[in-house]
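[1] When you get a sec, could you give me coordinates for this:
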Amino acid sequence: MKKFIALILALLLCAPALASAETVVTSFYPIHLFARNLLDGIEGVEVVSLAEPTAGCLHDYQLQTSDMKALARADVFLINGAGMEGYLEGVFEAFPALPVVDASRGVTLLEDCSDHDHDDHGHEHDHAYNAHIWLDPKNAIVMVTNLADGLIAAMPQHADAIAANRDAYIARLAALDEELSVALAALPRRDIITFHEAFLYFANAYDLNVAAVINRDPDDALSPRQLAELCKTVLALGAPPLFTEPQYEDKAAATISRETGAPLYSLDPIVTGPADAPLTYYEDVMRQNLTVLLQALGE
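    Below you'll find the model as predicted:
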């Protein structure tokens, strides 16, 4: 890591001077959406995301040369926190003076749903908590508040505009939370099985029961033995709905659904999306997820 950082810094020193426009760098898609809402209508501020809109979760993300260049001209770096960004040590070492705003501050974290020191495929994970905190809108409100505080500290000349955007966005998120609470409260069934740990915060917020989580890399294929074991688990649970994510093509889920009769649905964790998404994209996708859940768990 030290050699990599030294190389990047050498390249930066040789690069031409960059524009003096204020630059806000975000770690990945959900944080980018929140930052865009907070900075909406404020001229002269550039919002840059390190990870591409299609990158997904950052557990195994490796910093690129382009990332280090973006951070070198950043006025502030906004992160999810809670263990999502595993590369932060390198950022702190390379840019010790860069303000880093942790959106997870004050959020009650849930433990990972299983032992993630080593998963079934030998992958190591270096965080003890589930980092998908944004999928509970109440957490999103805390995150937006934290991000706004950090942006105001870094750019006090825009404090009034950021605060106004914060208040308007929080009002929208609170309305979304109320809508989800009312709609999901009357569901006759509450058990779900997911193929990723992303929706534990959502389930916790709205009293859904994640009966099982298939913790694995969605890009890896399961062995016939593993598939058979999973089918037994699903049947033992009464074949509740299975939920995959649109970011991954999950053939295993289709196999388990076919073998057990458990219906298959898709929920979007909002880790990817259009680069030019509307500012309401978080709310839009959460409402789409609500529609899916009402169909899957309704009578």
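[2] What helix or strand is the closest residue to residue 151 other than its chain neighbours located in?
    Ranked by C-beta to C-beta, 6 or more residues apart in numbering and with sequence neighbours excluded, the top spatial neighbour of residue 151 is residue 162, at 5.2 Å. Any C-beta I mention is one placed from the backbone N, CA and C, and that applies to glycine too. According to DSSP states H and E, residue 162 maps onto helix 159-185.
[3] Packing partners of that helix?
    helix 29-38, helix 137-154, helix 281-297 (3 or more C-beta pairs under 8 Å, 6 or more residues apart in numbering; DSSP states H and E).
[4] Check whether residue 48 sits in a helix, strand or coil.
    strand (DSSP: H, G, I helix; E, B strand; the rest coil).
[5] pretty sure it is touching residue 22, no?
    No - the criterion here is C-beta atoms under 8 Å, and residue 48 misses it with residue 22 at 11.0 Å.
[6] So the two - more neighbours on which side?
    residue 22 (21 against 17; other C-beta atoms under 10 Å).
[7] Quick check: that one vs residue 163, distance?
    In this view, residue 22 and residue 163 are 17 Å apart by C-beta to C-beta, to the nearest Å.
[8] May I have the residues that are in contact with residue 153?
    By C-beta atoms under 8 Å, 6 or more residues apart in numbering, the contact set of residue 153 is residue 99.
[9] What is the burial count for the residue nearest to residue 151?
    Using other C-beta under 10 Å, residue 162 has 24 other residues around it.
[10] Retrieve the pLDDT associated with it.
    Per-residue confidence (pLDDT) for residue 162: 98.
[11] repeat for residue 73
    96.
[12] Could you export the helices and strands packed on helix 159-185 as JSON lines, including distance to residue 247?
    Listed next are these as JSON lines, based on distance: least, C-beta to C-beta, whole Å:
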{"stretch": "helix 29-38", "distance to residue 247": "10"}
{"stretch": "helix 137-154", "distance to residue 247": "19"}
{"stretch": "helix 281-297", "distance to residue 247": "12"}
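[13] Identify the residues contacting the residue nearest to residue 151.
    38, 39, 42, 148, 151, 152, 155.
[14] Report the residue ranges of every domain in this structure.
    Following automatic domain parsing, the chain resolves into domains at 2-174, 186-297.
[15] Distance to residue 180 added to the ones you listed, as CSV?
    CSV is the format used below for those (distance: least, C-beta to C-beta, whole Å):
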stretch, distance to residue 180
domain 2-174, 7
domain 186-297, 6
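[16] Much appreciated, bye for now.
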